[in-house]
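S.K.: Quick one, fold the following:
(one chain, ligands or ions: 2)
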Amino acid sequence: MNKKALITGINGQDGSYLSEFLLKKGYEVWGTVKRNSVSETQSSRIEHLLKDGKVKLEYADLTDMSSLIRIIQKVKPEEIYNLAAQSHVRVSFDQPIYTTNVTGLGTLNLLEACRMVSPNSKIYQASSSEMFGNNIDDDGYQRETTPMNPVSPYGCAKVFSYNICRNYRNSYGMKIWNGILFNHESPRRGTNFVTNKVVKAAVRIKLGLQEKLHLGNLDATRDWGHAKDYVEAMWLMLQSTLKPDDYVCATGVSHSVKDLCDYTFNKLDLDFRDYVVIDEKHMRPEELYDLKGDSTKLRSELGWTPKYTFETMLDEMTEYWLNKYE
Ligand code: NAP
Ligand code: G4F
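M.R.: Ligands and ions are numbered 1, 2, ... in the order given. Modelled structure (predicted):
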């Protein structure tokens, strides 16, 4: 019998890559989607997987525990990947209560649903480097032991989820892993996150479809990896024969938003300084300045290695937008 996996937020960037990854491994893949008035939108990233019923979808919302109980009861999955969230940091300042309800309390709804109807399912929780805030160890990295000091409503909600997962693991012996993932991107990344926003705009400028690119803080640095590499890390955690644990997943290399602009525009024979406009609208009330992760634990205990670099990832994203417009 094939193993069954349930992915919350299956139509997100990570959900779509994880579905492809698990299907290749022979899993029966189930996913939850949030109802949208435009039905194409609610499954746009996984349209290619819906043909032949490869992936099975159910409506559910992290804020509606009854919907979670219903689907977990129906599927009884061996593995649950909790990827659903209001995942945009800037938006979390505009919608702090909604973000906390979904990204924080939503996780508790899922844990309770699981404890009631499928306590033996293994659970992956999508924790985030945003939880560290501006805390950095003396050697310049963040790792599993770095104290958490979130600087956004999103970060605060993720810290709650991280802690409640550890609490349910310790209190009830539930098999729960926190993957503390640093930023990961791809052509499927929402275009309101900085990487895909920059790449899409650079291509449009090159093709004469756009004149300027409005951005916020160019000095912030991030450890950017590729989502395809990171979904493999999620799966590796749930296959571990060691006790359930928390793992940082990162490339260990960081770049500034300025470096990102420089590399992307240069590849298209453009100078970003001619096009980028600094716009207060994209600044955050509190900024997380620098992220660089040490994933030694994940690499040494579970054998994870990323295949993409910052440059090969941006090349793939540029190629995607060029093909799309040409
Ligand atoms: P994403 O593209 O924003 O996908 C999030 C998914 O969650 C979407 O399918 C979204 O549906 C769904 N969702 C939103 N609110 C929901 C609700 N109330 N109930 C059920 N589903 C809901 O995010 P991602 O980049 O794939 O990230 C996956 C997870 O990893 C998220 O939890 C994110 O916070 C976390 N994370 C991401 C990164 C990163 O760099 N990508 C790093 C660390 C952690 P709609 O599209 O219909 O809104
Ligand atoms: O691309 P971003 O919006 O990603 P951010 O805030 O780091 O959050 C992402 O990564 C987290 C992991 O650390 C995830 F948990 C979270 O779900 C999400 O996937 O912004 C990156 C940096 C920030 O410093 C921001 O201030 O880029 C800066 N930035 C500058 N101009 C901008 C812009 N960000 C966005 N989104 N849009 C701009 O115009």
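
S.K.: Just confirm residue 240 contacts residue 304, I think it does.
M.R.: No - at 10.9 Å, residue 240 does not count as touching residue 304 under the criterion of C-beta atoms under 8 Å. From N, CA and C alone the C-beta is placed, and that goes for glycine too.

S.K.: Give the residues shared as contacts by those two.
M.R.: Applying C-beta atoms under 8 Å, 6 or more residues apart in numbering, one finds that no residue jointly contacts residue 240 and residue 304.

S.K.: And those two? Which one has more around it.
M.R.: Per other C-beta atoms under 10 Å, whichever of residue 240 and residue 304 has more neighbours is residue 304, with 19 against 15.

S.K.: where exactly do the helices run in the stretch 151-300 of the chain?
M.R.: Taking DSSP state H, counting those that start in this stretch as the criterion, the stretch 151-300 of the chain carries its helices at 153-172, 194-206, 227-239, 257-267, 296-302.

S.K.: okay if I get these as TSV plus distance to ligand 1 and mean pLDDT?
M.R.: Below are the helices of the stretch 151-300 of the chain laid out as TSV (distance: least, C-beta to the nearest ligand atom, whole Å; pLDDT from 0 to 100):
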stretch	distance to ligand 1	mean pLDDT
helix 153-172	7	98
helix 194-206	9	98
helix 227-239	6	99
helix 257-267	14	98
helix 296-302	14	98
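
S.K.: can you redo the ones you listed as JSON lines with mean neighbour count and distance to residue 3?
M.R.: As requested, the helices of the stretch 151-300 of the chain are exported to JSON lines (neighbours: other C-beta atoms under 10 Å; distance: least, C-beta to C-beta, whole Å):
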{"stretch": "helix 153-172", "mean neighbour count": "20", "distance to residue 3": "21"}
{"stretch": "helix 194-206", "mean neighbour count": "22", "distance to residue 3": "32"}
{"stretch": "helix 227-239", "mean neighbour count": "22", "distance to residue 3": "10"}
{"stretch": "helix 257-267", "mean neighbour count": "19", "distance to residue 3": "38"}
{"stretch": "helix 296-302", "mean neighbour count": "17", "distance to residue 3": "18"}
